[in-house]
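Q: After the sequence you'll find the predicted model.
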Amino acid sequence: IPDGTRLRGIDGFGDRIIATADGGTILFWDNPFDKARRRQLELKGELIRIDAGQNICHAVSDSSEIISIDLALQAKVFDFNAEYSGYYGKVRIIDITTGPTAVFIAVEKEDGRPGAFTSSKGTVWSERELNYKADGVWHMFEKIPHSISYEELSESFVLHCEDGTGFHLPACSHCNYVT
């Protein structure tokens, strides 16, 4: 790691290692013993999270930019708020995760409520409702997540909250549940 560089996230990507660092820097290692190659991105914010899938890696910035990186290490930047503020209002992206068939982001909406958005390729995003049924009554999930992950066992995306609460988002949007 170059001197003075602060890593913000790291993951395996194909047969490489990929990491985010301060100043919009993406670092790549083809071999963990080699010197890192770096790619500098023009971003409004700082990279805060990274998650690699099979063929694509996604990162997010603290300015709600979504960066998609392919196996050829080509990066595309998508400014979520610039593209969708007329539809969803402004959001603060908290985290991103990549599953086998979709990408999810966990957000905090401008009204202070939690949110989740999904995309098949990271370019067109749809809001996912955070409602769930408990004891025969429908509720809205109200806790702000601090991260999101994909859970293979339940085949669902999970919003993780500070108090240990998990909100599961399976493929069926009517089957959301809390743990």
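A: Nice, I can see it. Please read these numbers as outputs of a predicted model, since none were measured by experiment. Numbers count the residues shown, from 1 in each chain.

Q: C-alpha only now, for contacts and for neighbours.
A: Noted.

Q: Name the surrounding residues that touch stretch 107-114.
A: When contacts are taken as Cα atoms under 8 Å, 6 or more residues apart in numbering, the neighbours of stretch 107-114 outside the stretch itself are 89-95, 106, 115-117, 141-145.

Q: Please spell out the ChimeraX selection for the buried subset of those residues.
A: Only the buried members of these end up in this ChimeraX selection, burial being decided by 16 or more other Cα atoms under 10 Å:
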select :90,91,92,93,94,95,106,115,116,117,141,143,144,145
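
Q: Let's test this: name the helix or strand in the protein with the lowest mean pLDDT.
A: strand 37-40 (a mean of 86; mean pLDDT, DSSP states H and E).

Q: following it, which helix or strand comes up?
A: strand 47-52 (DSSP states H and E).

Q: circling back: elements contacting the least confident helix or strand of the chain?
A: Taking 3 or more Cα pairs under 8 Å, 6 or more residues apart in numbering; DSSP states H and E as contact, the helices and strands that strand 37-40 lies on are strand 25-29.

Q: How about the contacts made by Phe80?
A: Phe80 is in contact with Ser64, Glu65, Ile66, counting by Cα under 8 Å, 6+ apart.

Q: what does Val178 give?
A: Per Cα under 8 Å, 6+ apart, neighbours of Val178: Tyr132, Thr165, Gly166, Phe167, His168.

Q: Return the residues in contact with Pro32.
A: Residues near Pro32 by Cα under 8 Å, 6+ apart: Ile17.

Q: ok, it to Ile17 distance?
A: 7 Å (Cα to Cα, to the nearest Å).

Q: Now go through the contacts of Phe80 and say which are in strands.
A: Secondary structure defined by DSSP state E assigns Glu65, Ile66 of the contacts of Phe80 to strands.

Q: with the contacts of Phe80 in mind, which one is nearest to Val124?
A: Top of the list for closeness to Val124, among the contacts of Phe80 and by Cα to Cα, is Ile66 at 11.3 Å.

Q: Not counting its neighbours along the chain, what's nearest the closest one?
A: Closest residue in space to Ile66, ignoring its immediate chain neighbours: Val60 at 4.6 Å, by Cα to Cα, 6 or more residues apart in numbering.

Q: returning to that earlier point: sort out which of the contacts of Val178 are in strands and list them.
A: Cross-referencing the contacts of Val178 against strands under DSSP E gives Tyr132, Gly166, Phe167, His168.

Q: Let's see if you can find the most crowded of the residues you listed.
A: His168 (25 neighbours; other Cα atoms under 10 Å).

Q: Look up how far Trp138 lies from that one.
A: His168 sits at a distance of 15 Å from Trp138 (criterion: Cα to Cα).
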